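1. starting from these lines, generate the structure:
(chains A and B)
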Protein chains: 2
Amino acid sequence: MLNPEVLEKLGSIVGKERVKTSKEDLLTYAYDAYVMEYLPEAVVFPKSTQEVSQIMKVASAYKIPVTPRGAGSGLGGGSLAKRGGIILCFTMMNRILEVNTANRYVVVEPGVVISELQKEVEKMNLFYPPDPGSANVATMGGAVQMNAGGMRGVKYGVTRDYLLGLEIVLPSGEAMNTGSLTAKDVTGYDLTRLICGSEGTLALVTKIIARLLPKPKARRTLQAIYNRIDDAGNTVARIIEAGIIPATLELMDKMIIKALEDFAKLGLPLDAEAVLLIDVDGDLETVEKQAALVADFCKKQGARDVRVSNSEKDNEQLWMARRGAFGAVARMRPTCVIEDATVPVSYLTAAIKKVIEISERNRVQIAVLAHAGDGNLHPLILCDQRDAEEMERVEKAMGEIVDYALSVGGTLSGEHGIGIAKAKYLPRQLSGTALEMMRAIKKTFDPLGILNPGSFLEYPA
Amino acid sequence: MLNPEVLEKLGSIVGKERVKTSKEDLLTYAYDAYVMEYLPEAVVFPKSTQEVSQIMKVASAYKIPVTPRGAGSGLGGGSLAKRGGIILCFTMMNRILEVNTANRYVVVEPGVVISELQKEVEKMNLFYPPDPGSANVATMGGAVQMNAGGMRGVKYGVTRDYLLGLEIVLPSGEAMNTGSLTAKDVTGYDLTRLICGSEGTLALVTKIIARLLPKPKARRTLQAIYNRIDDAGNTVARIIEAGIIPATLELMDKMIIKALEDFAKLGLPLDAEAVLLIDVDGDLETVEKQAALVADFCKKQGARDVRVSNSEKDNEQLWMARRGAFGAVARMRPTCVIEDATVPVSYLTAAIKKVIEISERNRVQIAVLAHAGDGNLHPLILCDQRDAEEMERVEKAMGEIVDYALSVGGTLSGEHGIGIAKAKYLPRQLSGTALEMMRAIKKTFDPLGILNPGSFLEYPA
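-> The predicted model follows:
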């Protein structure tokens, strides 16, 4: 429980109704989409940069931990109050401040939900490409702090690639701007991209200027069903090698298919080993041509069924399935841990087979979902946290997946971030010197260590 | 002159023939493409990461300034030995180590010339998009340190957008890797992009892993000639607004036209106020369609002549002219200072008119070249450094151009970097807090202050 003097001060900054301290409220914010829980001492909802700034001045004066949070949809425990203190929840700073059509950028507050931003700009024929699976709940602030990726990474990149500038509040309470309104900007160090992906450990994001693209004129969604998962993996490699860049290129294995069928009845065959879901977008002619080429690749690599949809409604239905995959699988066992290891795409098939081998050898249930086009695997590990013996095998399997990805030049996290979920693997990828540099940077921004303490660089300190 | 003990040690690391200390050699490396000169005490040419590492250990032990240099084509004085010491010249570390076609990346040493890399990968139907005007001499290491932009920024972004990872050597001599072989990677802070654009002040780059794209199948180059520069500026705004993203969109004003005609006899009309040079690339059908659309925009906005070229040879000839523009103009007066202020593209016409007004009011000769598609102006200021009174007017004009760009949300440097050329303007764009943070980051990487000292963050300290 926070010092009453601190609560008094927080109340005088944002009003008492936006400082939550009841047991029910604290419990609600003790969770995110990871499997652990930490009870905060207060949850505070700022509505302006000035309020954030004043809150941080109080937190600095009393050395109180502050952990920023958007929708709490992060998968690594990055928004949990590992050392107690304040959860700073940005959901009430959720205004789209400007959509600039002449220069194609948008200015938003951090609490804006990604899909709402997407819908708003699409009305003006513009396009915000980064599209994490959780886009319907995840916020732009969270996306920036985690450098969120998603479905369209293979063609359009990740959150980092769309940032023009930020307004941030340092742990000291000082607010400052990074970047500018122009895509080309080399004035000083790139603080924008240092903050992006820093998982709330360096500064709070209070405003985001994001670049937009023209909305693609056409889109086709292909669904290809495979008897053998190898064939699906090889199709991905062939498409990439051929120089076709689809907007999305997703793979689901048989356990995902089964879970989806139980959940949504999509008519997918339960004896199939894999489904690829592929979007191509762009000009109508290019899209038609690419869809035909991709369909051909799928067939040549042994797909037993290829469906091309050209209705926006059918496209959406196919994608609803993909968006539901995590939820559908998570229903199957008490606990679902999601991995995020990423490999160069030519290793995709090998990586999937490796995951299957690891799963069988360790007797761990793993469903494989992948942003296949960029080698980003999401093995969903089904288990029961209450079973210590099973969890040991899960740990072992996770470590082996990470080691494999690193052995082929990949990374232990493609888009979910490290948080506390993957902190223990950090030294397998980063040298002691790299970790030291990162800790030194953290100290530069946050000398008191009050911002998201206990997170990846100091876990389990 | 360096301590003989130090010279001895450097010689024993790289061999005496790669440590240059003669007056002639030092003079040669006292210049880059900026207008100032600083004599180094030694020029050292490493051939491996290990040598770089050992050199930095010696430099640290003796607290000797070290300034990295590629081709010396930088326009801001970033590679000058502002505090003497060693120029570390990377031109002998110039191997392309790997071109990976399956995963579309390349691994290169920092001394590889950009256009040589481009040619090499194009043989394999791949494409390295960043294309600075100096690509025929500038090195990849320099491009990374400066976050070089260039002609294709409007569609393809800048150097930063193509980096997967780096090998760097810290001022202490320790080598470390950043990033991985995958485009999606959120493991820890983004050190890759912190180094990119740090202008040689944080670490030395000894290896670069860069992402490649499939080579576009077709390209068309359009040349549009205008009687009124406003019409050219408005054409740019219309193209961007319409959601067409050309690969390049360059503007040259009448002084550039005249200089080019004197120099290369391209048959451009001397009474025209502006020329636009526009590339569209992609699939053949899209390219044909876009070229027609763009030609139409040009005519509707008042172009007096529009030429569309579809031969690779003609394309190259048109672009040779553009690449020669800086050289052609620089011949006209003893000194040519190049500005790099960048504005949101909807302000392009206003910015050009502002530059003309500033030029006339201050009686300063300014030729305007622009990467117009991304609002990146390159006013070329012609003057004579020996004329103190004229230089005062030049300074005033430059300051006014910067102030205008900042007043509309732009930046003082779009792609050339700050170096010492623009250091004095830094506080006009960055707050005291931002500068403080950058200096603290510098100190974290380089506690002794030996790496490129006297550069932008401490000039003119």
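
2. can you name every helix or strand that the strand or helix carrying A:I356 contacts?
-> Assessed by DSSP states H and E, A:I356 sits inside helix A:348-361. Here helix A:348-361 touches helix A:229-241, strand A:365-371, strand A:376-383, helix A:388-407, going by 3 or more Cβ pairs under 8 Å, 6 or more residues apart in numbering or on different chains; DSSP states H and E. Backbone N, C-alpha and C define where each C-beta goes, glycine included.

3. how does it look with 6 Å?
-> Judged by 3 or more Cβ pairs under 6 Å, 6 or more residues apart in numbering or on different chains; DSSP states H and E, the packing partners of helix A:348-361 are helix A:229-241, strand A:365-371, helix A:388-407.

4. what's the mean pLDDT across the second one?
-> Averaging pLDDT along strand A:365-371 yields 96.

5. that strand and chain B, any residue contact?
-> No: if you take Cβ under 6 Å from any Cβ of the partner chain as the test, strand A:365-371 misses chain B, and the best it gets is 7.6 Å.

6. residues in the stretch 251-400 of chain A within reach of chain B, list them.
-> A:283, A:285-286, A:342, A:344-346, A:374-376.

7. packing partners for the lowest-mean-pLDDT helix or strand in chain A?
-> Here the helix or strand of chain A ranked lowest by mean pLDDT, DSSP states H and E is helix A:312-330, holding a mean of 82. Using 3+ Cβ pairs under 6 Å, 6+ apart, the elements in contact with helix A:312-330 are strand A:218-226, helix A:254-264.

8. so which of these is the most surrounded?
-> Of all these, strand A:218-226 carries the top mean neighbour count, a mean of 23, counting by mean count of other Cβ atoms under 10 Å in any protein chain shown.

9. any idea how far that strand is from the chain center?
-> Here the centre of strand A:218-226 is set off from its chain's centre by 23 Å, with Cα atoms, centre = their mean, to the nearest Å.

10. likewise stretch A:415-435?
-> With Cα atoms, centre = their mean, you get 16 Å for stretch A:415-435.

11. does chain B sit close to it?
-> Yes: contact of stretch A:415-435 with chain B (Cβ under 6 Å from any Cβ) involves A:415, A:417, A:429-431, A:433-434.

12. CSV for the residues you listed, including distance to B:L26?
-> Formatted as CSV, those follow (distance: Cβ to Cβ, whole Å):
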residue, distance to B:L26
A:E415, 49
A:G417, 49
A:Q429, 43
A:L430, 40
A:S431, 36
A:T433, 33
A:A434, 36
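
13. if any of these are buried, give me the PyMOL selection for them.
-> Typed into PyMOL, the line below selects the buried ones among the residues of stretch A:415-435 next to chain B, using 16 or more other Cβ atoms under 10 Å in any protein chain shown:
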select buried, chain A and resi 415+417+429+430+434
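
14. let's have the residues of stretch A:415-435 next to chain B in TSV, adding pLDDT, secondary structure and distance to B:V44.
-> What follows is the residues of stretch A:415-435 next to chain B, written out as TSV (pLDDT from 0 to 100; DSSP: H, G, I helix; E, B strand; the rest coil; distance: Cβ to Cβ, whole Å):
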residue	pLDDT	secondary structure	distance to B:V44
A:E415	96	coil	41
A:G417	96	coil	41
A:Q429	96	helix	32
A:L430	96	coil	30
A:S431	95	coil	26
A:T433	95	helix	23
A:A434	96	helix	26
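
15. farthest-apart pair in the residues of stretch A:415-435 next to chain B, please.
-> A:E415 and A:T433 (25.0 Å; Cβ to Cβ).

16. comparing the helices and strands packed on helix A:312-330, which yields the minimum mean pLDDT?
-> Among those, helix A:254-264 scores lowest, with a mean of 89.

17. check which residues of the helix or strand that that helix is followed by are buried.
-> Beyond helix A:254-264 in the direction of the C-terminus, DSSP H and E gives the next helix or strand as strand A:274-282. Across strand A:274-282, burial judged by 16+ other Cβ under 10 Å covers A:274-282.

18. check stretch A:304-312 too.
-> So, applying 16+ other Cβ under 10 Å, buried residues of stretch A:304-312: A:306, A:308-309.

19. just curious, which of the residues you listed is nearest to B:N100?
-> For these, the minimum distance to B:N100 (Cβ to Cβ) is 29.1 Å, reached by A:V306.

20. what parts of the stretch 51-200 of chain A come near chain B?
-> Checking the stretch 51-200 of chain A against chain B by Cβ under 6 Å from any Cβ, the hits are A:102-103, A:147, A:149, A:153, A:174, A:176, A:180-190, A:193-194, A:197-198.

21. counting neighbours, which of those residues end up buried?
-> A:103, A:147, A:149, A:153, A:174, A:176, A:180-190, A:193-194, A:197-198.

22. so which of the residues you listed are in helices?
-> A:153, A:193-194 (DSSP state H).

23. could you dump those residues to CSV with pLDDT?
-> Shown next, in CSV, are those (pLDDT from 0 to 100):
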residue, pLDDT
A:G153, 95
A:R193, 98
A:L194, 98
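
24. could the residues you listed be laid out in JSON lines, adding distance to A:A71?
-> Shown next, in JSON lines, are these (distance: Cβ to Cβ, whole Å):
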{"residue": "A:G153", "distance to A:A71": "20"}
{"residue": "A:R193", "distance to A:A71": "23"}
{"residue": "A:L194", "distance to A:A71": "23"}
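
25. from those residues, which is closest to A:D131?
-> For these, the nearest to A:D131 is A:G153 (8.6 Å; Cβ to Cβ).

26. contacting residues around the helix or strand harbouring A:M252?
-> Assigned by DSSP H and E, A:M252 falls within strand A:248-253. Counting contacts by Cβ atoms under 6 Å, 6 or more residues apart in numbering or on different chains, the residues outside strand A:248-253 that touch it are A:151-152, A:154, A:229, A:232, A:274-279, A:322, A:368-370, A:372-373.

27. for stretch A:291-298, give the mean pLDDT please.
-> pLDDT averaged over stretch A:291-298 gives 96.

28. pull out the buried residues from that stretch.
-> By 16+ other Cβ under 10 Å, the buried positions in stretch A:291-298 come out as A:291, A:294-295, A:297-298.

29. just the closest of the buried residues of strand A:274-282 to chain B, please.
-> A:G282 (7.6 Å; Cβ to the nearest Cβ).

30. and that closest one, what does it touch?
-> Here A:G282 is in contact with A:P216 (Cβ under 6 Å, 6+ apart).

31. show me what it is bridged to.
-> In this structure, A:G282 bridges to A:A218 when assessed by DSSP bridges.

32. circling back: give me the contact list for the helix holding A:I356.
-> A:230, A:233-234, A:236, A:343, A:366, A:368, A:372, A:375, A:377, A:379, A:397, A:400-401, A:404.
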